[in-house]
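A.B. asks: mind folding the following:
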Amino acid sequence: MIVQIYEIQTPGEARAMIDLGVDHIGSVLVSAEHWQDAVIRQTVATVQAAGRKSSLIPLFCDPDRIARVIDFYRPDIIHFCDALPMDVDGPEMTAIVERQKRLRDQFPEIAIMRSIPIARSAWCEQVPSLAMAERLELYSDWFLTDTILLQDQGIGLGDQPVNGFVGITGQTCDWAIARSLVQSSRIPVILAGGIGPLNVAEGILQVQPAGVDSCTLTNAVGASGQTIRFKKNPDKVAAMVSAARVAGSKKVLSASR
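C.D. replies: Numbers count the residues shown, from 1 in each chain. All right, here's what the predicted structure looks like:
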């Protein structure tokens, strides 16, 4: 069972995640203007030197700049989490598919992870998650489920924590849709969206993913009770890794029967 942890921005925190047994260690580029970050570059190198996989999210979509990002950082995985259009056959989705195809052709050695937005259970049918995945599967190496927020009554997109992108909501997506994605995909699926040490085992057993991902629910918490972005709680990460390993073993045993 793969354990992936975001958002790791320094070599020191990367080493802490490595010591805790994390498999995929993810970093985030938050600025298109200041995308060359020597500290994050060293973080990627630290992860790779330890034999773990580095994953990198750019919070921008310009394909030429993303190509320069890949050349500069050389991550194992480039991870796209920009919000996808609801019209899966429209020109906007076609442009996204073509962008991934060009990057695959240009950098065949770099794996592509694509976040697939899945709504909360009450409104999950409002988002064509499986159809989105079908369009993108050919030019993706990994899928990652993540929670997309909708407006009240499930009508239209709500405000996301990062405008134009999916993730860091701290809320679970519909696990039945996530399970359907696992069953229908020919590539491995990482379960994300509100995953932490208290629910990771249940998520693994229900969804049967190839791995699990956490950001918000393994973050440190400040005095006001708010999570602190870009700062992990090592005890939460350790508990999540342990629970994921146990549940992953049960998943393997169940599959072998």
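A.B. asks: all contacts plus neighbour counts: C-alpha atoms, from now on.
C.D. replies: Noted.
A.B. asks: in the one helix or strand in the chain whose mean pLDDT sits lowest, what's buried?
C.D. replies: Every helix and strand of the chain was ranked by mean pLDDT, DSSP states H and E. The lowest is helix 234-256, at a mean of 86. For helix 234-256, burial by neighbour count (16 or more other C-alpha atoms under 10 Å) applies to 234, 236-245, 247-248, 251.
A.B. asks: can you check stretch 198-211 too?
C.D. replies: For stretch 198-211, the neighbour count (16+ other C-alpha under 10 Å) marks V200, A201, G203, I204, L205, V207, Q208, P209, A210, G211 as buried.
A.B. asks: adding distance to S54, write those residues out as CSV.
C.D. replies: Listed next are those as CSV, based on distance: C-alpha to C-alpha, whole Å:
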residue, distance to S54
V200, 21
A201, 24
G203, 23
I204, 22
L205, 26
V207, 24
Q208, 23
P209, 19
A210, 17
G211, 15
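A.B. asks: quick check, nearest of the residues you listed to D141?
C.D. replies: Nearest to D141 among the buried residues of stretch 198-211 is A210, at 12.3 Å by C-alpha to C-alpha.
A.B. asks: that closest one and P128, how far apart?
C.D. replies: 22 Å (C-alpha to C-alpha, to the nearest Å).
A.B. asks: same question for W35.
C.D. replies: W35 is 32 Å from P128, by C-alpha to C-alpha.
A.B. asks: and the least confident helix or strand of the chain, C-alpha only, in PDB?
C.D. replies: What follows is helix 234-256 as a C-alpha-only set of coordinates in PDB (Å, rounded to 0.1, in the frame of the first residue of the first chain):
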ATOM      1  CA  PRO A 234       4.900  13.700  12.500                       C
ATOM      2  CA  ASP A 235       2.700  11.700  14.900                       C
ATOM      3  CA  LYS A 236      -0.300  11.900  12.600                       C
ATOM      4  CA  VAL A 237       1.900  10.900   9.600                       C
ATOM      5  CA  ALA A 238       3.300   7.900  11.600                       C
ATOM      6  CA  ALA A 239      -0.200   6.800  12.600                       C
ATOM      7  CA  MET A 240      -1.400   7.100   9.100                       C
ATOM      8  CA  VAL A 241       1.500   5.100   7.700                       C
ATOM      9  CA  SER A 242       0.900   2.400  10.300                       C
ATOM     10  CA  ALA A 243      -2.800   2.100   9.700                       C
ATOM     11  CA  ALA A 244      -2.300   2.100   5.900                       C
ATOM     12  CA  ARG A 245       0.200  -0.800   6.100                       C
ATOM     13  CA  VAL A 246      -2.100  -2.900   8.300                       C
ATOM     14  CA  ALA A 247      -5.200  -2.200   6.100                       C
ATOM     15  CA  GLY A 248      -3.100  -2.800   3.000                       C
ATOM     16  CA  SER A 249      -2.100  -6.200   4.300                       C
ATOM     17  CA  LYS A 250      -5.800  -7.100   4.900                       C
ATOM     18  CA  LYS A 251      -6.600  -5.900   1.300                       C
ATOM     19  CA  VAL A 252      -3.900  -8.300  -0.100                       C
ATOM     20  CA  LEU A 253      -5.200 -11.200   2.000                       C
ATOM     21  CA  SER A 254      -8.800 -10.500   0.900                       C
ATOM     22  CA  ALA A 255      -7.800 -10.400  -2.700                       C
ATOM     23  CA  SER A 256      -5.900 -13.700  -2.500                       C
END
